[in-house]
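Visitor: need coordinates for the following:
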Amino acid sequence: MFYLLIFVILLIMSVLEISKIDKGSHRILIQLSWLILVVVAGTRYETGADWDGYTKYLDQVVPIGKFIMIGQTGGDVGFEFGYFLFCALLKQLGLGFQWLIFFVTLFNVSLITKALKNYTHYVVWGLFVYYSLLYITVEFSLIRQAIAASICFYSYKFIEERKLGKFLLLVIIASSFHRSAIIIIPLYFVLQMCYSNVVLIAITIFGCVLMLFRIPWITSLLMFVGRFLGDGFGEKIVLYTQHDVYGIGKEASIGDFLNIVLFIIFLLGRKSIENKKYGNLFLNLFVAYLIVYYYIYEYMEISVRFGLYFMYSLAVLFPVLLESCLSYYNRLVWAIALFLYCFIYNINIYINHPTTVLYNPYQNYIVYQILNKPSIGEERLEANKEIVRKHRQKLKK
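Guide: Numbering: from 1, shown residues only. You can find the predicted model right below:
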């Protein structure tokens, strides 16, 4: 129930944020929310996915000084150069994987908090939505993509401000940690435009039809994108499209319905959303998320990975709609609806469902060191592999 406790704490602070508080109290709420998110993920210990592979990579990487001298990375995993430099610098300083986790979390949460201050007044609500929908998956598992996604989230402000140079610089830096961030570049010319409701509805309905009737179309395009982005990325595309476990499509779920509900809500509240400086931009980002969700239904892994960059839009759109409510009563009603959505989204983690073995129980490095407790991280990794294998083979049939 650890994650549920954090959920409740952030929810309480979010409710306080929409009440009548002074600027000093609001600033304290933001700082406390930031601190909780940094500490929880930043001090986790062998909790989440892929920590074993990232640990091995850091062990293999040469210190940055040695890299300058011999020109060799020392790592045999095809990670991007930006991530290698980060690891090599840590290695030069004599810091291990736990420090890597802490610095990555500190960077991501700080950048997301700074970005939210630009996008909405209700920053705590934004962080609450981020925690509920993205934080546990992203910060506990997708180290490289977590860095890339947080940088891209901050870079969106430069689309609205028409600062192409700064936008490109940030996305290029993001792609040096995870190449998938490259897909954001063409969106500079798309996201700043204002589309009619008819266009947005038509795009969404067409995607729903593709998914509902299981119409195949995306494989050839993905292969082209893979070849364009390079061998390493191309190999990942092949893995995610042809592997017996990864190359599977989405199954019908409540998420299909909830996405449409959110789309309708955002269209109904579009005028209020677009009254905010970045409102139109993040509405377009959400539609981009729907496109990835429905149009790439054939390959769940790719859809989820790419969709993360656009799902951050909800951390802005939800608070923006709250801001548009003139009375405290209306804000409270909308807050309750948000609470229900956010709770349902990750309910399995909150109730310690067996399929969430990667995250439950939560292990904290400081606590485990003080109490000299043995980690069960490796056993949980193996248990999760079996759960994923059985589930995805079932979907494959």
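Visitor: got a list of what the closest residue to residue 34 other than its chain neighbours touches?
Guide: Leaving aside its sequence neighbours, residue 34 sits nearest to residue 113 (C-beta to C-beta, 6 or more residues apart in numbering; 5.1 Å). C-beta here means a position set from N, CA and C on the backbone, and glycine is covered the same way. Counting by C-beta atoms under 8 Å, 6 or more residues apart in numbering, residue 113 makes contact with 30, 33, 34, 123, 127.
Visitor: which parts of the helix or strand hosting residue 113 are buried?
Guide: Using DSSP states H and E, residue 113 sits in helix 97-119. Buried residues in helix 97-119, counting neighbours by 16 or more other C-beta atoms under 10 Å, are found at 97-98, 100-102, 104-109, 111-113, 115-116, 119.
Visitor: flag the helix or strand of the protein with the lowest per-element mean pLDDT.
Guide: helix 231-242 (a mean of 62; mean pLDDT, DSSP states H and E).
Visitor: quick one: the helices in the stretch 101-250 of the chain?
Guide: 123-130, 136-141, 143-160, 164-175, 188-191, 197-212, 219-229, 231-242 (DSSP state H, counting those that start in this stretch).
Visitor: in CSV, list those helices along with distance to residue 280.
Guide: Below are the helices of the stretch 101-250 of the chain laid out as CSV (distance: least, C-beta to C-beta, whole Å):
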stretch, distance to residue 280
helix 123-130, 18
helix 136-141, 25
helix 143-160, 8
helix 164-175, 16
helix 188-191, 8
helix 197-212, 11
helix 219-229, 27
helix 231-242, 31
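Visitor: highest mean neighbour count out of those?
Guide: Most buried of those by mean neighbour count (mean count of other C-beta atoms under 10 Å) is helix 123-130; its value is a mean of 28.
Visitor: ok so, going back, let's see the helix holding residue 113 as PDB, backbone CA atoms only.
Guide: Taking Å, rounded to 0.1, in the frame of the first residue of the first chain, the C-alpha atoms of helix 97-119 are listed here in PDB:
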ATOM      1  CA  PHE A  97      24.100   3.000  -9.800                       C
ATOM      2  CA  GLN A  98      22.200   4.300  -6.800                       C
ATOM      3  CA  TRP A  99      23.600   7.800  -7.400                       C
ATOM      4  CA  LEU A 100      22.600   7.400 -11.000                       C
ATOM      5  CA  ILE A 101      19.000   6.700 -10.100                       C
ATOM      6  CA  PHE A 102      19.000   9.700  -7.700                       C
ATOM      7  CA  PHE A 103      20.500  12.200 -10.100                       C
ATOM      8  CA  VAL A 104      18.100  11.100 -12.900                       C
ATOM      9  CA  THR A 105      15.100  11.400 -10.700                       C
ATOM     10  CA  LEU A 106      16.300  14.800  -9.400                       C
ATOM     11  CA  PHE A 107      16.700  16.000 -12.900                       C
ATOM     12  CA  ASN A 108      13.400  14.700 -14.300                       C
ATOM     13  CA  VAL A 109      11.200  15.800 -11.400                       C
ATOM     14  CA  SER A 110      12.900  19.200 -11.200                       C
ATOM     15  CA  LEU A 111      12.500  19.800 -15.000                       C
ATOM     16  CA  ILE A 112       8.900  18.600 -15.000                       C
ATOM     17  CA  THR A 113       8.100  20.900 -12.000                       C
ATOM     18  CA  LYS A 114       9.700  23.900 -13.700                       C
ATOM     19  CA  ALA A 115       7.800  23.100 -16.900                       C
ATOM     20  CA  LEU A 116       4.500  22.900 -15.100                       C
ATOM     21  CA  LYS A 117       5.100  26.300 -13.600                       C
ATOM     22  CA  ASN A 118       5.100  27.600 -17.200                       C
ATOM     23  CA  TYR A 119       2.000  25.700 -18.300                       C
END
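Visitor: report the rounded mean pLDDT for that helix.
Guide: For helix 97-119, mean pLDDT rounds to 97.
Visitor: likewise stretch 349-369?
Guide: Stretch 349-369 carries an average pLDDT of 94.
Visitor: what does it rub up against?
Guide: Applying C-beta under 8 Å, 6+ apart, the contact partners of stretch 349-369 are 1-4, 7, 40, 43-49, 98, 136, 140-141, 343, 347-348, 373, 375-377, 380-381, 383-384, 387, 391.
Visitor: kindly recompute the last result at 6 Å.
Guide: Identification of contacts with stretch 349-369 by C-beta atoms under 6 Å, 6 or more residues apart in numbering yields 2-4, 43, 45-49, 98, 136, 348, 380, 383-384, 387.
Visitor: chain center to it: distance?
Guide: The chain centroid and the centroid of stretch 349-369 are separated by 19 Å under C-alpha atoms, centre = their mean, to the nearest Å.
Visitor: start the count at 52, not 1, going forward
Guide: Sounds good: first residue 52 from here, last item stretch 400-420.
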